[in-house]
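Colleague: build me a model from this:
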Amino acid sequence: MKKVVLAFSGGLDTSCAVKWLQEQYGAEVICFSAFIGEVADKSKLRKRANAGGATKIYIEDLKEEFAKDFIMPALWAHARYEGKYPLATALGRPLIAKHLVQVAQKEGAEKLALLAKGGDAGLQWSAAKTVSRREAQGIAPAALRKIMTADASKLPAHAGAERGDRGYAIFRISKVIPGEYKPDSQSADALAALDRQSGAEQFDAYVASLRARAKVEINSANLEKK
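Modeller: Take a look at the predicted model:
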């Protein structure tokens, strides 16, 4: 089942959105409300979210952060909408988006922890893809690193990665296909040069150990005279 974290104000539009997301996408809906002063009674938010069918609701008191990081800078900058009146509702949107993503990441991390313990997270997986470091199939580099470094000793294995402002993604590893390394000409030349350098260093170290054991010293001054 898909999971959606909805920015929930308790108004008619977001209250209807809870049921609409369930019916249109078959999604589990988690509501998030940023308490920045608009609603006097938090219990009303919780009641409306539950009535719509939300499985969980987060209500965070963000008034202090809102005043410090958004209202004060806006006043100092004389920020006005179309140059007419001070910004109001728009100031809270970036703050709400920031904490909305944090909730999505927290929910995703909890699901990943449940999967790691062998639990059923109730997730539906998309069609399988074969990916590699060279063929990422559209997977972001950070997520691909998590997949490639996951413990695949017992399958299925799982990996999770934050997706910036898009929340959190969980990947299911069902099969590991051993790859055959085929270096291109440039890589082959680099490996050959590395082998030569390593061999030269090993030879120098061997000669140095022989000199140390035989207590041989080279008189560079006499060599220069000759």
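Colleague: center of the protein - which residue?
Modeller: By Cα atoms, centre = their mean, the chain has its centre lying nearest to E162, at 1.7 Å.
Colleague: mean confidence score for the host helix or strand of K146?
Modeller: Element membership for K146, per DSSP states H and E: helix 141-148. Taken as a whole, helix 141-148 has an average pLDDT of 84.
Colleague: let the chain start at 712 from now.
Modeller: Okay, using 712 as the starting number, the last item reads as helix 852-859.
Colleague: what about G721, neighbour count?
Modeller: Neighbours of G721 under the rule other Cβ atoms under 10 Å: 20. No exception for glycine: its C-beta is placed from N, CA and C like everyone else's.
Colleague: please name the nearest non-neighbouring residue to it.
Modeller: Distance criterion Cβ to Cβ, 6 or more residues apart in numbering; nearest residue to G721, sequence neighbours excluded, is L756 at 4.6 Å.
Colleague: contacts only, for that neighbour.
Modeller: 719, 721, 742, 744, 750, 768, 770 (Cβ atoms under 8 Å, 6 or more residues apart in numbering).
Colleague: out of those, the closest to A903 would be?
Modeller: C742 (60.3 Å; Cβ to Cβ).
Colleague: excluding its backbone neighbours, what's nearest the closest one?
Modeller: F719 (3.7 Å).
Colleague: got the phi/psi numbers for that neighbour?
Modeller: phi -110, psi 120 (degrees, to the nearest 10).
Colleague: quick one: A839 and I888 touch, right?
Modeller: No - counting by Cβ atoms under 8 Å, A839 sits too far from I888 to count as a contact (11.8 Å).
Colleague: between the two, tell me which one has more neighbours.
Modeller: Ranked by neighbour count (other Cβ under 10 Å), A839 and I888 place A839 first, with 10 against 7.
Colleague: give the contact list for the residue lying closest to that one once chain neighbours are set aside.
Modeller: Leaving aside its chain neighbours, A839 sits nearest to S885 (6.5 Å; criterion: Cβ to Cβ, 6+ apart). Neighbour list for S885: 839, 866-867 [criterion: Cβ under 8 Å, 6+ apart].
Colleague: do W836 as well
Modeller: R883.
Colleague: G890 belongs to a helix?
Modeller: No - according to DSSP: H, G, I helix; E, B strand; the rest coil, G890 belongs to no helix; its state is coil.
Colleague: from S843, how far off is it?
Modeller: Remark: distance between G890 and S843 (Cβ to Cβ, to the nearest Å) = 6 Å.
Colleague: over to R874?
Modeller: 21 Å.
Colleague: those two: who's more crowded?
Modeller: R874 (16 against 11).
Colleague: pLDDT score for the closest residue to that one other than its chain neighbours?
Modeller: Spatially, and ignoring its direct neighbours in sequence, R874 is nearest to A880 (5.3 Å; Cβ to Cβ, 6+ apart). pLDDT, A880: 82.
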